[in-house]
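Undergrad: A predicted structure for the sequence below; I have some questions about it.
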Amino acid sequence: MRRSSSSKPSALRRVDFPYMKDAQGHYAPIVYLQVWTGNRWLYLQAYVDSGAAWSIFHSDVAQLLGMKLHTTRRHYMSLGNGSVLPIYHARIRVRFAGEELLVPAGFSDALRVGFNLLGRAGFFDRFSMTFNDRARLLSVARLPTR
């Protein structure tokens, strides 16, 4: 993660995330973010997916966060390929691109893509995200608050 320069030393104008290699060795917009466990911050990787409405994490992440998924209501999310993914909704505290946020997320033990997904809800309404596949770079800028 690289931060761009700014006229004010404490202002964060843009954060650049160089693409990382996925399990197949292809460069992809995979970023690190931190999630709050209740007593410490945990680093996670997530694939930034502009086509995903929600961020979805494997249910193992919920266990690391100390969440009891069986106490929340199960929802079903339709995927682009027509299949249905059972998920449990929650709000989680994250640190991303120099900001601390409370965002909606889903957790599922049926997530079979091999990585967590960072979707639009809670992120794309707060940040401008520019994907530059040629340069293998994701540029993230905080949007002004309304």
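TA: On my side now, so go ahead. Numbering: from 1, shown residues only.

Undergrad: Partner strands of the longest strand along the chain and their direction?
TA: Secondary structure of the chain per DSSP state E: the longest strand is strand 84-96. Here strand 84-96 is paired, per DSSP bridges, with strand 30-36 (antiparallel), strand 74-78 (antiparallel), strand 99-108 (antiparallel).

Undergrad: and it, what's its mean pLDDT?
TA: Averaging pLDDT along strand 84-96 gives 90.

Undergrad: do the same with stretch 103-121
TA: For stretch 103-121, mean pLDDT is 87.

Undergrad: What are the boundaries of the helices in the chain?
TA: 59-64 (DSSP state H).

Undergrad: centroid residue for it?
TA: residue 118 (2.9 Å; C-alpha atoms, centre = their mean).

Undergrad: Could you give the bridge partners of that residue?
TA: Bridge pairing for residue 118 - DSSP bridges - gives residue 48.

Undergrad: OK, contacts around it?
TA: 31, 33, 46, 47, 48, 49, 52, 55, 96 (C-beta atoms under 8 Å, 6 or more residues apart in numbering). For the C-beta atoms, the positions are set from N, CA and C on the backbone; glycine is no exception.

Undergrad: Now do the first one against residue 74, distance only.
TA: Pointing back at residue 31 there. For residue 31, the distance to residue 74 equals 28 Å [C-beta to C-beta, to the nearest Å].

Undergrad: higher neighbour count, those two?
TA: residue 31 (22 against 11; other C-beta atoms under 10 Å).

Undergrad: Quick check: that one touching residue 44?
TA: No - taking contacts as C-beta atoms under 8 Å, residue 31 lies outside contact range of residue 44: 9.3 Å.

Undergrad: quick one: residue 25 from residue 19, how far?
TA: From residue 25 across to residue 19, the span is 12 Å (C-beta to C-beta).
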